[in-house]
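> Pasting a predicted model and its sequence here:
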Amino acid sequence: MLSRQRSFGATMAVLALAVLSGCDEETDFHPPIGTDQPTELSEKLAAIPGMRILEHAVGLKSEQFVLGFLQPADHDDPDGEQFEQRISLLHRGEEAPMILGTTGYELRGYEMEPTALLGANQLMVEQRFFSPSRPDPADWRTLRIRQAAADHHRIALALKPLYPAKWLSSGASKGGMTSVYHRRFYPDDVEGTVAYVAPQSYGDADPRYVDFLENVGPAECRDALRAFQKEALSRREAMTAKMFELGGADAFSQLGADAALDYAVIELPFGFWQYFGESLCAKIPDATATDAAVWAFLDKVVSPSWWSDSSFFNYEPYYFQAAVELGYPGIDDSHLVGLLTVPPGADVAASQVVPGPTKEMVLDAEAMPDIADWLSSEGERMLFVYGERDPYSSAAFELGGAKDSYLFVVPEGNHGASIGDLPGPIQDTAVGVLSGWAGVLPMPVPPETLEEERRVRLSLGRGRRVAAGHK
């Protein structure tokens with residue numbers, strides 16, 4: 001489940017597979033051919049100022065690209081330092097709608113549900129500061145939601161001349177959050193937005209998550225999870241030995257193996273409901289379980305490897321954003337006092353960032369209320385999908401007076417909730433809304449396409465720490 005940075009080639013391979021799985025004709029099941037030969041589209045893309053083609057593959061009915069696009073490190077200083085931001089493009093036709101998407105993290109290649117539903121083109125944008133889309137030197141003061149929204153705005157301006165049909169935006173979890181923030185600052189860039197499992201957190205330890213976890217699922221399952229947390233911590237030596245087997249003694253040099261174990265155990269109930277659910281309750285190991293069984297369950301649900309050095313530095317930009325603007329889930333660790341090596345309440349976003357001169361982490365307490373106020377008073381054509389059992393649903397966006405906007409909840413769904421999981425009549429409504437915004441008739445989505453999207457979205461996430469779809 002740990003997300004790793006992909007090479008350009010690996011990104012293209014995943015993108016190609018996702019594109020092909022969404023096709024409904026047998027002739028489409030041929031791998032795209034990587035090519036250095038120019039096509040009409042590649043020549044148009046290469047002519048865009050600041051754009052270069054990093055990867056290009058041609059299939060029977062589509063072209064796929066990984067592009068590099070020059071962006072100002074600080075949009076308030078457009079003539080200053082620049083960096084190259086990675087974008088993937090799935091091209092089906094210039095007259096088809098365009099889905100402007102993001103994971104909110106590193107670039108990942110997969111076909112999003114709205115893309116498949118609408119037979120659309122798709123742009124996927126790598127979030128600024130996720131390697132390699134990072135200024136050098138990196139001034140972390142420019143890692144703000146308004147700056148990221150400006151990134152998306154410039155991409156839309158650059159590519160709309162090639163794609164004159166309707167544009168929609170979409171993303172899951174942090175990607176969904178990013179899509180909402182883009183609409184806040186540039187509401188006219190797209191016709192509508194569909195955001196999946198996207199939370200709106202307040203403060204550095206939002207208490208709504210604590211309340212949710214105290215009531216979700218059967219009481220006996222919650223009790224078993226708390227007992228398991230204590231059991232895992234009581235076997236610290238055995239658990240850390242398993243951690244070292246995965247990556248060596250130096251794999252946790254930044255946080256330390258003991259702290260990594262603590263954070264994984266603290267977040268286990270959150271990750272359990274975020275990614276799994278009631279069907280796993282009967283498989284929670286008890287005090288009679290072997291060390292191997294205890295480790296296997298912990299590693300499956302919230303792996304301590306997510307706090308290894310490689311993961312720590314890869315996702316540091318998310319934690320910085322959470323510490324200064326996005327807010328972060330609160331979690332109760334009071335029942336673990338005496339078993340932890342970290343202080344009570346230590347599991348906050350700022351704990352996951354290396355201090356530095358441009359990393360002052362003072363939470364802007366007005367950033368998220370501003371988004372909420374905009375949505376409820378000026379928002380329009382917004383569609384949100386949540387999973388009933390996903391802890392992030394406890395911090396769902398509130399529509400207020402948003403026009404032509406919708407919020408749907410998948411019964412018993414988790415962080416992988418999609419439109420295809422909604423009950424029939426509600427699903428029909430959601431699909432009808434999107435097709436109306438895009439101005440096209442909807443298409444059937446093969447189950448394997450939806451499953452691939454769900455797999456990639458969940459692989460981006462790590463327990464509760466990242467609103468994933470990082471995760």
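Done, it's in.
> Compute the distance between residue 229 and residue 343, please.
Here the distance between residue 229 and residue 343 works out to 17 Å (CB to CB, to the nearest Å). Bear in mind the C-beta positions are built from the backbone N, C-alpha and C, glycine included.
> Looking only at neighbour counts, state which of those two leads.
Neighbour comparison, residue 229 and residue 343: the larger count goes to residue 229, with 22 against 11 (by other CB atoms under 10 Å).
> So residue 345 sits against residue 333, correct?
Yes: the pair formed by residue 345 and residue 333 meets the contact definition of CB atoms under 8 Å, at 7.1 Å.
> Those two: who's more crowded?
residue 333 (20 against 15).
> ok, which stretches of the stretch 151-300 of the chain are strands?
Along the stretch 151-300 of the chain, the segments classed as strands by DSSP state E, counting those that start in this stretch run 167-172, 192-196.
> Same question for the stretch 1-150 of the chain.
Listed in chain order (using DSSP E, counting those that start in this stretch), the strands of the stretch 1-150 of the chain are 33-34, 51-58, 63-72, 82-91, 98-102, 121-125.
> neighbours around the closest residue to residue 48 other than its chain neighbours, how many?
Counting by CB to CB, 6 or more residues apart in numbering, the nearest residue to residue 48 once its immediate chain neighbours are dropped is residue 158, at 5.2 Å. By other CB under 10 Å, 17 other residues sit near residue 158.
> Tell me if I'm right that residue 158 and residue 69 touch.
Yes: under the criterion of CB under 8 Å, residue 158 lies in contact with residue 69, with a separation of 7.0 Å.
> Return every residue with contacts to both of these two.
Here residue 158 and residue 69 share the contacting residues 48, 50-51, scored by CB atoms under 8 Å, 6 or more residues apart in numbering.
> ranking the residues you listed by neighbours, who comes first?
residue 51 (19 neighbours).
> Identify the residue spatially nearest to that residue, adjacent ones excluded.
Spatial nearest neighbour of residue 51, excluding adjacent residues (CB to CB, 6+ apart): residue 69 at 5.3 Å.
> What's the separation between that neighbour and residue 129?
15 Å.
> which phi and psi does the residue of the chain positioned farthest from its centre have?
The C-alpha centroid of the chain is most remote from residue 288, which lies 36.9 Å away (CA atoms, centre = their mean). Dihedral angles phi and psi of residue 288 (degrees, to the nearest 10) take the values phi -90, psi -10.
> Number of residues surrounding residue 409?
Per other CB under 10 Å, the neighbour tally for residue 409 reads 18.
> what helix or strand is it on?
According to DSSP states H and E, residue 409 maps onto strand 406-410.
> what is the mean pLDDT for that strand?
Averaged over strand 406-410, pLDDT sits at 98.
> now the angle from that strand to strand 192-196?
Strand 406-410 runs at 30 degrees relative to strand 192-196, counting by axes from the mean of the first three to the mean of the last three CA atoms, to 10 degrees.
> what's in contact with strand 406-410?
The contact list for strand 406-410, computed with CB under 8 Å, 6+ apart, reads 382-388, 393, 396-397, 399, 417-419, 421-422, 426, 429-430, 433.
> let's go with 6 Å and repeat that
Contacts with strand 406-410, where a contact means CB atoms under 6 Å, 6 or more residues apart in numbering, come from 383-388, 399, 417, 421-422, 426, 430.
> Next: stretch 259-276.
Outside stretch 259-276, the residues that touch it by CB under 6 Å, 6+ apart are 213, 216, 225, 229, 232-233, 239, 252, 301-302, 304, 307, 333, 340-342, 347, 389-391, 415, 458, 463-464.
> Which of these are buried, as a PyMOL select command?
Below is the selection syntax for PyMOL that covers the buried ones among the contacts of stretch 259-276, with 16 or more other CB atoms under 10 Å defining burial:
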select buried, resi 213+216+225+229+232+233+239+252+301+302+304+307+333+340+342+347+389+390+391+415+458+463+464
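> if you look at the contacts of stretch 259-276, which of them are in helices?
The members of the contacts of stretch 259-276 that map onto helices under DSSP state H are 213, 225, 229, 232-233, 239, 301, 458.
> Just checking, which of the residues you listed comes out lowest on pLDDT?
Comparing those by pLDDT, residue 458 comes last, at 65.
> can you tell me how far the residue farthest from the centre of the chain sits from residue 84?
According to CB to CB, residue 288 and residue 84 sit 55 Å apart.
> Over to residue 298?
With CB to CB as the criterion, residue 298 and residue 84 are 39 Å apart.
> more crowded one of the two?
Neighbours of residue 298 and residue 84, each counted by other CB under 10 Å, are more numerous for residue 298; the result is 25 against 19.
> Can you get me the start-to-end distance on stretch 108-116?
Stretch 108-116 has an end-to-end distance of 16 Å (criterion: CA to CA, to the nearest Å).
> The stretch 1-150 of the chain: helices as residue ranges?
Shown for the stretch 1-150 of the chain, the helices assigned by DSSP state H, counting those that start in this stretch span residues 8-21, 40-46, 113-118, 145-159.
> re earlier: please name whichever of the strands of the stretch 1-150 of the chain is nearest to residue 247.
Distances from residue 247 to each of the strands of the stretch 1-150 of the chain were compared using CB to CB; the minimum, 26.8 Å, belongs to strand 82-91.
> how much does that closest one deviate in direction from strand 51-58?
Strand 82-91 and strand 51-58 are oriented at 30 degrees to each other (the same axes, to 10 degrees).
> how about the helices in the stretch 251-400 of the chain?
Assignment of helices within the stretch 251-400 of the chain using DSSP H, counting those that start in this stretch yields the ranges 257-266, 268-275, 291-301, 309-314, 316-321, 367-378.
> highest average neighbour count across these?
Stretch with highest mean neighbour count among these: helix 268-275 (a mean of 26; mean count of other CB atoms under 10 Å).
> For that one, give the mean pLDDT please.
Confidence over helix 268-275, taken as the mean pLDDT, stands at 97.
> got it, and stretch 63-82?
In the prediction, stretch 63-82 has an average pLDDT of 97.
> Show me which positions of stretch 214-231 end up buried.
By neighbour count on 16+ other CB under 10 Å, the buried set for stretch 214-231 is 216-217, 221-222, 224-225, 228-229, 231.
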